[in-house]
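> Give the three-dimensional model of this entry:
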Amino acid sequence: MLVTRFDPFAEIRELEKRLLGAVNVPTIPAEGDKEVVNAFVPSVNTREDESAYVVEVDLPGVKKEDIKVNIDPEKRTLTISGERKFKEEVKKEDYYKIESSYGKFMRTFSLPENVDLDNIDAKTEEGVLHVTLPKVKQEEKEVKEIPVK
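A predicted model of the protein is given here:
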């Protein structure tokens, strides 16, 4: 006979998973009582080549002035933050459904030791923020053999 511990909340958690599992998008309350607008969570792509790490953040509709890129040299972190502002003309229109996301966002990345913190470059192009993190050129050290006595 298999003995299992009784969990009075197991069914509630299972129901919650089934109901909310398909909706894995953060939400924030809008100005109306029952309206909800999706929180803006930009997509991020990262890649590495021989000379640099590159972070690409999809920021459609976000103005360059509303984006901040910060480096914390002590913690060795890159923080990208900003806001995709709600368009006033959207509020005036009679929409049935709005799927666009708005709001503040912030993403923080830990940086490897070989990033040149003094030469990081950030630019926007066609709604994408490109942050280039050049690598410090490290000299290859020879392996030194120690004779055993």
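
> looking at this structure, which helix or strand does the model trust least?
strand 27-29 (a mean of 48; mean pLDDT, DSSP states H and E).

> just for the chain, where's the confidence low?
By pLDDT under 70, the low-scoring segments of the chain are 1-7, 17, 20-38, 87-99, 140.

> quick one: contacts for the residue nearest the centre of it?
The structure's the chain has its C-alpha centroid closest to residue 107; by C-alpha atoms, centre = their mean the separation is 4.1 Å. Residues near residue 107 by C-beta atoms under 8 Å, 6 or more residues apart in numbering: 42, 44, 57, 79-81. Any C-beta I mention is one placed from the backbone N, CA and C, and that applies to glycine too.

> Please, where are all the helices along the protein?
For the chain, the helices defined by DSSP state H occupy 10-20, 88-92.

> mind listing what residue 58 touches?
When contacts are counted by C-beta under 8 Å, 6+ apart, residue 58 touches 42-44, 127-128.

> For residue 56, list each beta-bridge partner.
On the basis of DSSP bridges, residue 56 is bridged to residue 45, residue 130.

> buried stuff in stretch 122-139?
Residues 122, 129, 131, 133-135 are the ones in stretch 122-139 that count as buried (16 or more other C-beta atoms under 10 Å).

> which one of these is nearest residue 12?
Closest approach between the buried residues of stretch 122-139 and residue 12, by C-beta to C-beta: residue 129, at 41.1 Å.

> Quick one: neighbours of the residue nearest to that closest one when sequence neighbours are not counted, just the number.
Among residues not flanking residue 129 along the chain, residue 57 sits closest, at 4.3 Å (C-beta to C-beta, 6 or more residues apart in numbering). Residues lying near residue 57 (other C-beta atoms under 10 Å) number 23.

> show me the contacts for residue 57.
Applying C-beta under 8 Å, 6+ apart, the residues contacting residue 57 are 42-44, 80, 107, 128-129, 131.
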